[in-house]
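[1] Mind looking at a prediction? Sequence and model below.
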Amino acid sequence: MSNNGLLRLEVGESVVYENQGYFIRQLNNLNSVVLIHSETNEIREVPISEISVAKFDESNKTDDLQKISDTLWNNAMKRFEIIQPLLASGRTRQMVSERAKQAGVSTNTLYGWIKRYQETGKVTDLIPEKRADKGEARLSVEVEEIVKSVIKTEYKTQQKKSVAKVCREVERICREKKLKIPHCNTIRNWIKKENPKEMMAAREGQKKAAEKYTAIRGKFPGADWPLAYVQVDHTELDIQLCDDYWRKPLGRPWITVVFDVYSRMVLGFRVGFDAPSGLITGLAISHAILSKENWLAKYNINGDWPCWGLPDGLHMDNGADFRGKMIQRACDQYGINVDWRPVGRPNYGAHIERYLGTLGEELKGVSGATFSNIKQRGDYDSEGNAVLTLSDLEEWLTVYIVGVYHNRVHSALGMSPLEKYKEGLLGDDENPGKGLPPKILDERRLRLDFLPYFERTVQRAGIVIDEVVYFSDVLRVWVNSVDPDNPRAKRKFIVRRDPRDISHIWFYDELTEEYYSIPYRNTAYPAVSVWELKAAQRRLKEQNQGKHDEHQLFEMILRLREIEENAAIKSKAARRSQARKKHISMQPIQPEKKPVVIEDELEVVEEVVKPKKAIKPFDDLDEML
């Protein structure tokens, strides 16, 4: 059943389209599904991007990951480790019973854990304290027997009656016997308890059940289906970029790529001048997990990038830029197994490294290419030929990935990555597919979970981070609040901040279990990056022996910006610093292109229409405000 955490794209799931209730009848392709109306039985083919989950309640939030005690978190992780082998399709009651015996719990308890986790895909729902007030409606013995009987006689038949009809039959019998009528959601939950393989056998036949539940199987880290084994890596690209205004060289950018080993699809990426870090890795992972409709619309690209969903496992390098509590806990929360590359075994990440090599070869044909060595470069003036800005490169990479790479035959696959991806999810004449992955409904929350965080108290003036004060009325209730576990200490709260734009922070309110955007107390101050802030603090420390206030700090930031603008025409470092900022004092003018249509042979034709302002590499954060 669809739920308030994930939109599950499986046959039989209840969804909403144009404010009407439907069930998914058929998975048509990676972009559309066939729906059947829950009441009229009208059949419609609709885009996946236009359906939603029934009764998605945004107020139902889990606690912030970092506020959960290690004891509770470890308890939840132990439960997850117990049920993890049972999450794949083909689970039988005998398998659950044997696993329950090994874990020292009852079979019904284990089924309860599996149900909780599969409803949202979040480890936090395995914490008993978080779910103590929740549970299924209690049915009387008589009503329970009626529900079981009607499910058996009405639903578990090849007539394939809808859940709504089962609910109406239960209601009819209960009215006749003057018994309390159970809610339809309760009946849906009872149907969900049924063994899925047995249910499909009853409704679809033994053959289809066997095909469905002997589908592509494998054990991590085997890449036996899309999203089973996903690699993350980064490299400095062999191309010189220029700034938006002066059109002078800035240097080489970094790219972080999230890559599906099974299909060789690029699931997401992040490009910029900042060296790899936990922040950049988190942003790349978020991009890979979320759907790409808005991303393609941003560049007016009429292409197909049908990649979304939580990976089973992430394989990442052992470097400090990947390792970190924030990334590890965020992955744990969403049930993503993190596999660290063994030290001294570079071939362990060969798939993504091969792709990065292919990308490097493609970039050699782009103006400003630096090539991988001096011999290849020869007399070519990379800086003098630099024409692409960071915004242009991001667009070029999107067009290349969606229009060229995904549709070109891969020598190791014998087909294109997109064809392989479709085959793994939807199946072919010989093998059934894995099925479409669920979609994350709360995209804002997922992005926040992959951002760095702090713990701070709330003072009368607001929250102070790095000498900058933030305030909103949301904070008033928490001013000078006391730690409930230590009356002598002030209570600390989780605060998340993106270092590229510190004009807002995200405060986790423990009363509402929600994040709120908190601006500067003085909203007249400009949006700045943390790097600008640190540079201004260093300069003030040199001048005033560390004595300064917030106003002096922002005055220094503006002064340094002015110096950078004056130096930009001469200094590459100054231009590069400007390019990293969200707000540049002189916005550039760029030609806008008509939508780029991706054809089979992928010949991209661009036509200048009208000027546009430069793209900001922080748009995903603006969406969260």
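    Ah, there it is.

[2] List the contacts of Thr235.
    Applying Cβ atoms under 8 Å, 6 or more residues apart in numbering, we find Thr235 in contact with 254-255, 356, 360. The way it works is simple: take the backbone N, C-alpha and C, and place the C-beta from them, glycine included.

[3] repeat that for 7 Å
    255, 356 (Cβ atoms under 7 Å, 6 or more residues apart in numbering).

[4] now do Thr398
    Counting by Cβ under 7 Å, 6+ apart, Thr398 has contacts 299, 301.

[5] one more time with 10 Å
    Neighbouring residues of Thr398 by Cβ atoms under 10 Å, 6 or more residues apart in numbering: 266, 269, 271, 292, 295-296, 298-299, 301, 303, 305, 596.

[6] CA atoms only for stretch 442-456, dumped as PDB, please.
    Listed next in PDB are the C-alpha coordinates belonging to stretch 442-456 (Å, rounded to 0.1, in the frame of the first residue of the first chain):
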ATOM      1  CA  ASP A 442       9.100  14.400   1.100                       C
ATOM      2  CA  GLU A 443      11.900  15.600  -1.200                       C
ATOM      3  CA  ARG A 444      12.600  18.600   1.100                       C
ATOM      4  CA  ARG A 445      13.300  16.300   4.100                       C
ATOM      5  CA  LEU A 446      15.600  14.000   2.100                       C
ATOM      6  CA  ARG A 447      17.700  17.000   1.000                       C
ATOM      7  CA  LEU A 448      17.900  18.200   4.600                       C
ATOM      8  CA  ASP A 449      18.900  14.800   5.900                       C
ATOM      9  CA  PHE A 450      22.000  15.000   3.600                       C
ATOM     10  CA  LEU A 451      23.100  18.500   4.800                       C
ATOM     11  CA  PRO A 452      25.700  19.200   7.500                       C
ATOM     12  CA  TYR A 453      24.300  20.100  11.000                       C
ATOM     13  CA  PHE A 454      25.100  21.800  14.300                       C
ATOM     14  CA  GLU A 455      23.700  21.700  17.800                       C
ATOM     15  CA  ARG A 456      22.900  25.100  19.300                       C
END
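
[7] Give me the mean pLDDT for it.
    Average pLDDT, stretch 442-456: 87.

[8] report the longest helix in the protein, please.
    helix 550-567 (DSSP state H).

[9] now that helix, how far from the centre of its chain.
    Chain-centre distance of helix 550-567: 36 Å, with Cα atoms, centre = their mean, to the nearest Å.

[10] tell me which strands and helices that helix is in contact with?
    strand 468-470, helix 530-544, helix 572-579 (3 or more Cβ pairs under 10 Å, 6 or more residues apart in numbering; DSSP states H and E).

[11] could you pull out the strands for the stretch 201-350 of the chain?
    Here the stretch 201-350 of the chain has its strands, by DSSP state E, counting those that start in this stretch, at 230-236, 241-242, 249-251, 254-260, 266-272, 301-302, 313-316, 337-340.

[12] can you list the ones you listed in CSV and add distance to Asn19 and mean pLDDT?
    Output for the strands of the stretch 201-350 of the chain, formatted as CSV (distance: least, Cβ to Cβ, whole Å; pLDDT from 0 to 100):
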stretch, distance to Asn19, mean pLDDT
strand 230-236, 35, 91
strand 241-242, 46, 78
strand 249-251, 49, 72
strand 254-260, 34, 93
strand 266-272, 31, 92
strand 301-302, 28, 88
strand 313-316, 37, 85
strand 337-340, 38, 80
